[in-house]
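**Student:** sequence first, then the predicted structure:
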Amino acid sequence: MKRRYAIGIDYGTESGRVLLVDLSTGEEVATHVTTYSHGVIDEKLPETSEKLGHDWALQHPGDYIDVLRQSIPEVLSQSGVQPEQVIGLGIDFTACTMMPLDSKGTPLCLLAEWKDNPHSWVKLWKHHAAQDEANRINEAAAQRKEKFLLRYGGKLSSEWMLAKAWQILNEAPDVYEHADLLMEAADWVVMQLTGELVRNSCTAGYKSVWHKRDGFPSRDFLRSLDPGLEQLADTKLRGPIKKLGTRAGGLTDEMASLTGLIPGTAVAVGNIDAHAMVPAVSVVTPGKLVLTMGTSTCHLILSDNEVHAEGIAGVVEDGIIPGYYGYEAGQSAVGDIFAWYVNEAAPIDVKRQASETGMSIHEWLEREAAKLSPGASGLLALDWWNGSRSVLMDADLSGVIVGLTLQTRPEEIYRALLEATAYGTRAIIDTFTQGGVEVNELYACGGLPQRNRLLMQIYADVTGKEIKIADTAQTGAFGAAMFGAVAAGTEKGGFGSIVEAAEKIARVREETFKPIEANVRIYDRLYSDYKELHDYFGRGGSDVMKRLKAMKTNNSR
Ligand SMILES: Nc1ncnc2c1ncn2[C@@H]1O[C@H](COP(=O)(O)OP(=O)(O)O)[C@@H](O)[C@H]1O
Ligand SMILES: O=C(CO)[C@@H](O)[C@@H](O)COP(=O)(O)O
């Protein structure tokens, strides 16, 4: 029998990565990356001089289609695989990355009459300008003792659907009114591929507060926020919600000719990028915490039980692997913090030395920082450059570095930033453990583990746990391909379930990162200092971060 393949597409923050996977061996046969030509739109709208406010982050939906147009034909031609051998396609996406659509399913930002209104564009997951709405949602939900709040650690995020939808209603009621649907980008791309309006249980559960039995927050609650939101769930969020691995539909003729695949090829319902990575590192049972480390980090774990605790961003039944409660927590900036340092703060001398040695700035800083021992720099940082997603769920918090002196070196700051993100992860592990979700093993995947060995050693030392690393640099796309093969089903040469797919083709590297005892002891002390700063700035010891932010926002008006 001819070999069978599946395609997975990982829609990240800056680019879409397409991967062709051999379903009999798990071999990654070909991959291609399409960088979004509009990137992250955070200063002004394309083709206009319309300036965006603080904390805005938008995208262009056309960039998502470019990924299909460019990268799918590219992996087919690189590999020589025949289109009919590709039995399934799955996608994963950043989330909540959402957009308003008109009644024909066209994003409003692509229409001449709406394109100058920032609210007609795709709001990217890291659009944080709906914090006011999130605060009001949380206050109202707490006051009304809404049951759903418990499943989200007591707070909904400004990154999620409800806060973003309400921001549109508040600031651009005409856009809200005209929007027939508000859709996750993951579901919109699946709709483009198949012509079907199908939502997936993962984004619905984690980002739109949907529950398998209770549905969305009640009309009564939504009306209590704003009468304009009352019908939100029944109208703009309508559509069947299907569990992961379900076939959303077959590829349309139009999409088949755009991509070079066969019409009718099975397309799985969408998924969140981080969540797709869990089975891709072979995790399909409880107790194994998966760190998906890239621009941001998500922390995902399965459990047989539903528990509620502060700092857990969400627990969704069947949200990651059917049959389990899937838990998520996260840090809204990780790679982004290192990128900030490299792009905005590293001195010119570092850039010169890196280029003289033929290394990237990250690689040079990593090499120099690796020469330092833990604690030697006298620096300690908080990891809130893009707010705190867990444990505090507050986008108004910001970054801190304590201990700077005239002697401080760039590599010391870089290392302090790597360490800060590791402390943030340890705080999340504590939250899970104290909340009753057992964490026995760590797995790491995403773009960072294979790029920065020092980072991974620091994570092992700070957490005191051995870390297994994904055997693929394209973990999201690999997981998405696995779900694509499940959607195709066994009769087509795919898999009967995601658990079967994981058993047959997912794997981790043999090499792991093990904690070094002497470092663990030093980091234990530093972590307790991190916790002191964390609680001081994050739990009301000082509101200086919020005052500074308010001053900055008022000044820019
Ligand atoms: N050698 C490195 N060390 C640390 N961070 C890096 C390194 N190379 C790239 N990064 C950061 O990794 C992030 C990109 O991660 P990646 O997983 O590829 O993308 P995404 O999160 O969009 O899926 C960027 O924030 C970038 O600054
Ligand atoms: O919020 C989630 C998942 O819940 C992610 O989509 C978001 O952190 C973006 O992930 P990346 O850092 O771009 O991989």
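**Tutor:** Cool, the structure landed. Ligands and ions are numbered 1, 2, ... in the order given.
**Student:** contacts only, for the residue nearest to residue 24 when sequence neighbours are not counted.
**Tutor:** Nearest residue to residue 24, sequence neighbours excluded (Cβ to Cβ, 6 or more residues apart in numbering): residue 3, at 5.9 Å. No exception for glycine: its C-beta is placed from N, CA and C like everyone else's. Neighbouring residues of residue 3 by Cβ atoms under 8 Å, 6 or more residues apart in numbering: 22, 23, 24, 81, 85.
**Student:** equivalent analysis for residue 401, please.
**Tutor:** By Cβ under 8 Å, 6+ apart, the neighbours of residue 401 are 379, 380, 381, 413, 416, 417.
**Student:** just want the residue of the stretch 151-300 of the chain that's nearest ligand 1.
**Tutor:** Nearest residue of the stretch 151-300 of the chain to ligand 1, counting by Cβ to the nearest ligand atom: residue 294, 2.4 Å away.
**Student:** now do the contacts for that residue.
**Tutor:** Here residue 294 is in contact with 12, 13, 334, 335, 446, 447, 448 (Cβ under 8 Å, 6+ apart).
**Student:** how far away is it from residue 10?
**Tutor:** Counting by Cβ to Cβ, to the nearest Å, the gap from residue 294 to residue 10 is 10 Å.
**Student:** who touches residue 48 in this structure?
**Tutor:** Going by Cβ under 8 Å, 6+ apart, the list of residues near residue 48 reads 115, 116.
**Student:** my guess is residue 130 meets residue 169, correct?
**Tutor:** No - contact criterion Cβ atoms under 8 Å: residue 130 and residue 169 do not qualify, at 10.6 Å.
**Student:** more neighbours, the two?
**Tutor:** Here residue 130 and residue 169 are compared on neighbour count by other Cβ atoms under 10 Å; more neighbours surround residue 130, at 27 against 19.
**Student:** can you give me the pLDDT of that one?
**Tutor:** For residue 130, the pLDDT comes out at 96.
**Student:** from ligand 2, how far out is it?
**Tutor:** Applying Cβ to the nearest ligand atom, to the nearest Å, one obtains 14 Å for the distance of residue 130 from ligand 2.
**Student:** quick one: the strands in the stretch 151-300 of the chain, in order.
**Tutor:** In the stretch 151-300 of the chain, the segments counted as strands under DSSP state E, counting those that start in this stretch are 181-184, 199-200, 241-242, 247-250, 266-268, 288-293, 297-303.
**Student:** do the stretch 451-557 of the chain as well
**Tutor:** With strands called from DSSP E, counting those that start in this stretch, the stretch 451-557 of the chain shows them at 467-470, 508-513.
**Student:** okay, those strands in a markdown table with mean neighbour count, distance to ligand 2 and mean pLDDT next?
**Tutor:** As requested, these are arranged in a markdown table below (neighbours: other Cβ atoms under 10 Å; distance: least, Cβ to the nearest ligand atom, whole Å; pLDDT from 0 to 100):
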| stretch | mean neighbour count | distance to ligand 2 | mean pLDDT |
| --- | --- | --- | --- |
| strand 467-470 | 23 | 13 | 97 |
| strand 508-513 | 14 | 19 | 96 |
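**Student:** now the ones you listed as a markdown table including distance to residue 138?
**Tutor:** Output for the strands of the stretch 451-557 of the chain, formatted as a markdown table (distance: least, Cβ to Cβ, whole Å):
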| stretch | distance to residue 138 |
| --- | --- |
| strand 467-470 | 33 |
| strand 508-513 | 37 |
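**Student:** only the buried residues of stretch 11-24, if you could.
**Tutor:** 11, 12, 13, 16, 17, 18, 19, 20, 21, 22, 23 (16 or more other Cβ atoms under 10 Å).
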